[in-house]
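Visitor: Curious how this folds, go ahead:
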Amino acid sequence: MVDLYAHLIIEKARPFEKVPDRYKDAVEARLLELGYDTNGDPINEE
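Guide: Take a look at the predicted model:
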């Protein structure tokens, strides 16, 4: 479920606020691993 929610956020199909509370921490961590913030926008690491 974590990967599904992360993918939906990256694709702008679901906002992070709509992720169930029980998954929020894991989804946020997965997004950061993939290089995205909780809005699904890429994090620029320069």
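
Visitor: okay, and for the protein, where does confidence drop off?
Guide: The chain contains residues with pLDDT under 70 at 45-46.

Visitor: helices or strands next to the lengthiest helix in it in the packing?
Guide: Once the chain is assigned using DSSP state H, the helix that runs over the most residues is helix 21-34. Under the contact criterion of 3 or more CB pairs under 8 Å, 6 or more residues apart in numbering; DSSP states H and E, helix 21-34 touches helix 2-10. Quick note: C-beta positions are derived from backbone N, CA and C, even for glycine.

Visitor: Could you check the angle the helix it packs on makes with helix 21-34?
Guide: Helix 2-10 and helix 21-34 meet at an angle of 70 degrees, taking axes from the mean of the first three to the mean of the last three CA atoms, to 10 degrees as the criterion.

Visitor: change the start of the numbering to 33 and stick with it
Guide: Understood, numbering begins at 33; the last thing we discussed is helix 34-42.

Visitor: which helices and strands does helix 34-42 pack with?
Guide: With contacts taken as 3+ CB pairs under 8 Å, 6+ apart, helix 34-42 sits against helix 53-66.

Visitor: Go ahead and name everything in contact with the helix it packs on.
Guide: Outside helix 53-66, the residues within contact range by CB atoms under 8 Å, 6 or more residues apart in numbering are 33-35, 37-38, 41-42, 48, 51, 69-70, 72, 75.

Visitor: quick revisit: just the buried positions in the longest helix of the chain, please.
Guide: 59, 60, 62, 63 (16 or more other CB atoms under 10 Å).

Visitor: Equivalent analysis for stretch 66-78, please.
Guide: Counting neighbours by 16+ other CB under 10 Å, one finds that the buried residues in stretch 66-78 are 68, 70, 72.
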